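Q: The sequence isn't on hand, but the structure is:
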């Protein structure tokens, strides 16, 4: 099955111990989440692709199935308790107990000067990037503590250094890092590992839609490795954290940043 998948930028790396496991990937409709869902499926994982855009998650899951993998699509908002209860029930009914949880929903980093920040926007960003991470993990904790597994959270270089992103996003992603460390210590006795990915600039569909080739080339020149990150770069790191290759690693935040964060 895995041989039918396109191996881009390391995302098709073979992790045989993942074969037959079950994963939930939130934020799976496009970008990093979609690339991670595809990479997991390429390694034999049965994947629930989760996002708010029904058509988009359907398309990702269909693509995985067309290539010989197993995937279901579930439309859900990870800030809504009822959606998460329904998500858990659908995953259990179709795939069974969850072994891997990739909480990648969020991404509200658009620039907003703090002088014009509003309480409504602040709360919305923290809900979308931090509270959604907690609620998603909470929904599947019984699965993971019952049989062990891996949780992979999503931060950002905005939590590491000042960027053009808004202050609420930087605070939320810093909170994701702190939540990761706390849960790593709390859940280790249950055989659950919790690690975090912290990407710098990733060339997603969204980024290409609002930047020119010239702007992206200028941004790429600022990275020691001389290019922008690709969704598959982050997906490859997610595979590492999901697999037994990282079996003695927990509580770590890995900068997927092209040498920009050292």
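A: Received it, and whenever you're ready, just let me know what you need. Quick caveat, the model's predicted, so the values are computed rather than measured.
Q: What ranges does the stretch 151-262 of the chain have for its strands?
A: Per DSSP state E, counting those that start in this stretch, the stretch 151-262 of the chain has strands spanning 192-199, 253-256. These are given in chain order.
Q: and those, which is most packed in?
A: Per-residue neighbour counts averaged over each of the strands of the stretch 151-262 of the chain give the maximum for strand 192-199, namely a mean of 25 (mean count of other Cβ atoms under 10 Å). For glycine as for every other residue, the C-beta is placed from the backbone atoms N, C-alpha and C.
Q: hmm, who's touching that one?
A: Applying Cβ atoms under 8 Å, 6 or more residues apart in numbering, the contact partners of strand 192-199 are 32, 144-145, 148-157, 159-160, 173, 176-177, 180, 183-184, 187, 229, 233-234, 237-238, 241, 246-247, 249-257, 261.
Q: could you give the mean pLDDT of that strand?
A: Within the predicted structure, the mean pLDDT of strand 192-199 is 98.
Q: so for the helix or strand hosting residue 59, what's the average pLDDT?
A: With the criterion set as DSSP states H and E, the secondary-structure element containing residue 59 is helix 54-66. Rounded to a whole number, the mean pLDDT of helix 54-66 is 98.
Q: cool, and stretch 70-83?
A: Here the average pLDDT along stretch 70-83 is 98.
Q: Show me what counts as buried in it.
A: Going by neighbour count (16 or more other Cβ atoms under 10 Å), the buried part of stretch 70-83 is 70, 71, 72, 73, 74, 75, 76, 77, 78, 79, 83.
Q: before we move on, what about stretch 211-218?
A: The neighbour-count criterion (16+ other Cβ under 10 Å) identifies 211, 216 as the buried residues of stretch 211-218.
Q: Among the contacts of strand 192-199, name the ones in helices.
A: Assignment to helices by DSSP state H places the following of the contacts of strand 192-199 there: 32, 144-145, 173, 176-177, 180, 183-184, 187, 233-234, 237-238, 241.
Q: quick one on the thing from earlier: could you turn the buried ones of the contacts of strand 192-199 into a ChimeraX selection?
A: Only the buried members of the contacts of strand 192-199 end up in this ChimeraX selection, burial being decided by 16+ other Cβ under 10 Å:
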select :32,144,149,150,151,152,153,154,155,156,157,159,160,173,176,177,180,183,184,187,229,233,234,237,238,241,246,250,251,253,254,255,256,257
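Q: re earlier: would you list the strands of the stretch 151-262 of the chain in TSV and tack on distance to residue 48?
A: Putting these into TSV (distance: least, Cβ to Cβ, whole Å) gives the following:
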stretch	distance to residue 48
strand 192-199	18
strand 253-256	23
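Q: I am finished for the moment; much appreciated.
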